[in-house]
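Visitor: The following block contains a protein sequence and its predicted model.
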Amino acid sequence: MNERKTLKINQDGHLEIGGVIARDLAKEYGTPLYVMDQQYIEDMCSIYAKTLQDEYGDGMIAYASKAFSCKEIYRIVNAMGVGADVVSGGEIYTALKAGFPMEKVCFHGNNKTLQELNLAVKEKVGLIVLDSYSEADILNDICKNAGVFQKVLIRVNPGVEAHTHHFIQTANIDSKFGFSIVSGEAEEMILHVKSKSNLDLQGLHCHIGSQIFEQKSFVLAVNKMTDFYKMLKDRHGIEFPVLNLGGGFGIWYADGDAKKKLNDYAEYIKIIAKELKKAVVEKGLIKPFLILEPGRSIVGEAGVTLYTVGRIKTIRDVKNYIAIDGGMFDNPRFALYQAKYTVIPAERAKETPALKYTIAGKCCESGDIIAEDVYLPNMNEGDLIAVLSTGAYNYSMSSNYNRNLIPPVVMVKDGKSRYAVKPQTYEDIIRNDI
């Protein structure tokens, strides 16, 4: 467990989140329950924004909406001086309705729909990141008809391979995202966009992957991108005022992952800022406005999901199963790519583990598993368990599979709790049925 002031085991062996005992949250709100540590989210935003300002100056941290999107999270990150990256019309609309400033939004996506592009232009999204020739053509026509001159970036692949699961590596030459620098496609796309009457090409975007711990990957990305900027300047006289280097910083999920504190995350920003400042001087480039997207790291470890233990099944000499009242409908990541998690008994965390369990969900799928080979005390029906580091890609990937209800989200801070997302009802599930 990666303990901190707002996530700890108290002297009685109870898990505390944001100053609130997990059992009390379960009694008040029920389970399954997503719990988000608001103070941790604010601290992460603050350390990122302050470090970027102190170490580099002109730039912006962009919160990854896809990790966890609801109106309250946009209010929180905006209050902390952080921008946002979005990947759908739904995320744009949610941020808009939360009062988030659209000029601080970067709109990504490899297949944005006509409806989404129209919405982005109408609501004056700050930067639209282009990912295809046809998207540039369509967006230019939209802007021409609206009398708008839209700021854009182009997503490119610098050819830096991050050492993560291949499903979340995004900067290889074989990727559904972006244009390869090595193949010359990125250069061709830049010239195509520069010819458009209503598109204002501000710079380039790259994202080498997510759940990245190796800082040298980002150093390589800085140098690849600034080399490309220099080539464009020398060959075409093009100088860009913006550079979006993505992010995707890794978090702790389980044994084997680095246990990072706030200042450790600041090191990512420091290294990138230092390398970029050096590179632009050495290569004779203008110092660009730097956008960084720390990804899941802002909310990942802020989240804890609480479950109540249901049936316990022992297959002699084979396996012990704990069935919980949640499952792949609130956390599909194990089913998708065998994501690792840490599970603890929320009321008996100081007890010595006695058995190895597999935590199984309640969905009608053999693959509905949350975690395997978890060592816990002897568990009983009605016990409360907590799955740690579930703040990213859990609520945002949830579904009503088997017509299960998506759990509510509760924010905790300074010993107090409140809904950020209200509980669903069965009526919500059938609302759009004909």
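Guide: Yes, it's here.
Visitor: Can you show me the helices along the protein?
Guide: 22-29, 38-55, 71-79, 89-97, 114-122, 133-146, 185-194, 216-236, 262-282, 333-337, 426-430 (DSSP state H).
Visitor: Same question for the second one: list its buried residues.
Guide: Within helix 38-55, the residues that count as buried by 16 or more other C-beta atoms under 10 Å are 38-45, 47-49, 51-53, 55. Every residue, glycine included, has its C-beta placed from N, CA and C.
Visitor: How far away from the center of its chain is that helix?
Guide: Distance of helix 38-55 from the chain centroid (C-alpha atoms, centre = their mean, to the nearest Å) equals 16 Å.
Visitor: Just the CA atoms from it would do, formatted as CSV, please.
Guide: Listed next in CSV are the C-alpha coordinates belonging to helix 38-55 (Å, rounded to 0.1, in the frame of the first residue of the first chain):
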residue,chain,number,x,y,z
GLN,A,38,-10.0,15.2,-3.3
GLN,A,39,-7.0,16.5,-1.4
TYR,A,40,-4.7,14.1,-3.3
ILE,A,41,-6.2,15.3,-6.6
GLU,A,42,-5.6,18.9,-5.7
ASP,A,43,-2.1,18.2,-4.5
MET,A,44,-1.2,16.5,-7.7
CYS,A,45,-2.6,19.3,-9.8
SER,A,46,-0.8,21.9,-7.7
ILE,A,47,2.6,20.1,-7.8
TYR,A,48,2.4,19.7,-11.6
ALA,A,49,1.3,23.3,-12.3
LYS,A,50,3.8,24.9,-9.9
THR,A,51,6.7,22.8,-11.1
LEU,A,52,5.9,23.6,-14.8
GLN,A,53,5.7,27.3,-13.9
ASP,A,54,8.9,27.3,-11.8
GLU,A,55,11.0,25.1,-14.1
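Visitor: buried residues in stretch 286-301?
Guide: Neighbour counts over stretch 286-301 (16+ other C-beta under 10 Å) mark 287-301 as buried.
Visitor: now do stretch 421-431
Guide: Result for stretch 421-431 [16+ other C-beta under 10 Å]: buried residues 421, 424.
Visitor: could you measure residue 303 against residue 328, distance?
Guide: 17 Å (C-beta to C-beta, to the nearest Å).
Visitor: right, and residue 334 touches residue 371 too?
Guide: Yes. Under the criterion of C-beta atoms under 8 Å, residue 334 makes contact with residue 371 at 6.8 Å.
Visitor: So for those two, which residues contact both of them?
Guide: Among the neighbours of residue 334, those also in contact with residue 371 (C-beta atoms under 8 Å, 6 or more residues apart in numbering) are residue 341.
Visitor: from what I can see residue 298 touches residue 62, true?
Guide: No. Applying C-beta under 8 Å, one finds residue 298 not in contact with residue 62, separated by 10.0 Å.
Visitor: between those two, what contacts are shared?
Guide: Common contacts of residue 298 and residue 62 (C-beta under 8 Å, 6+ apart): residue 82.
Visitor: The longest strand belonging to the chain: partners in the sheet, and parallel or antiparallel?
Guide: Among the segments of the chain that qualify as a strand by DSSP state E, the longest is strand 303-315. Strands adjacent to strand 303-315 in the sheet, as given by DSSP bridges, are strand 33-37 (antiparallel), strand 319-324 (antiparallel), strand 384-388 (antiparallel).
Visitor: Spatially nearest residue to residue 408 (excluding sequence neighbours)?
Guide: The shortest distance from residue 408 to any non-neighbouring residue, by C-beta to C-beta, 6 or more residues apart in numbering, is to residue 423 (4.2 Å).
Visitor: Could you point out which of the helices of the chain sits nearest residue 157?
Guide: Evaluated with C-beta to C-beta, those place helix 185-194 nearest to residue 157, the distance being 7.5 Å.
Visitor: So what angle separates the directions of the closest one and helix 133-146?
Guide: Helix 185-194 runs at 20 degrees relative to helix 133-146, counting by axes from the mean of the first three to the mean of the last three C-alpha atoms, to 10 degrees.
Visitor: okay, the angle between helix 185-194 and helix 216-236?
Guide: Using the same axes, to 10 degrees: helix 185-194 against helix 216-236 is 60 degrees.
Visitor: and helix 185-194, what does it pack onto?
Guide: For helix 185-194, the packing partners by 3 or more C-beta pairs under 8 Å, 6 or more residues apart in numbering; DSSP states H and E come out as helix 133-146, strand 150-157, strand 179-180, strand 199-205, helix 216-236.
Visitor: Columns mean pLDDT, mean neighbour count and distance to residue 245 on top of these, output as a markdown table?
Guide: Formatted as a markdown table, those follow (pLDDT from 0 to 100; neighbours: other C-beta atoms under 10 Å; distance: least, C-beta to C-beta, whole Å):
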| stretch | mean pLDDT | mean neighbour count | distance to residue 245 |
| --- | --- | --- | --- |
| helix 133-146 | 98 | 16 | 21 |
| strand 150-157 | 97 | 24 | 11 |
| strand 179-180 | 92 | 21 | 16 |
| strand 199-205 | 98 | 23 | 8 |
| helix 216-236 | 94 | 18 | 6 |
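Visitor: mind putting the ones you listed in a markdown table, distance to residue 73 included?
Guide: Output for these, formatted as a markdown table (distance: least, C-beta to C-beta, whole Å):
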| stretch | distance to residue 73 |
| --- | --- |
| helix 133-146 | 27 |
| strand 150-157 | 23 |
| strand 179-180 | 31 |
| strand 199-205 | 22 |
| helix 216-236 | 25 |
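Visitor: which stretch among these comes nearest residue 383?
Guide: Here helix 216-236 is closest among the helices and strands packed on helix 185-194 (C-beta to C-beta), at 41.0 Å.
Visitor: Contacts for the closest one next, please.
Guide: Counting by C-beta under 8 Å, 6+ apart, 156, 158-163, 171, 181, 186-187, 190-191, 204, 206, 208-209, 212, 238-240, 243, 245-246, 268, 271-272, 275-276, 279-280, 283-285, 288 sit against helix 216-236.
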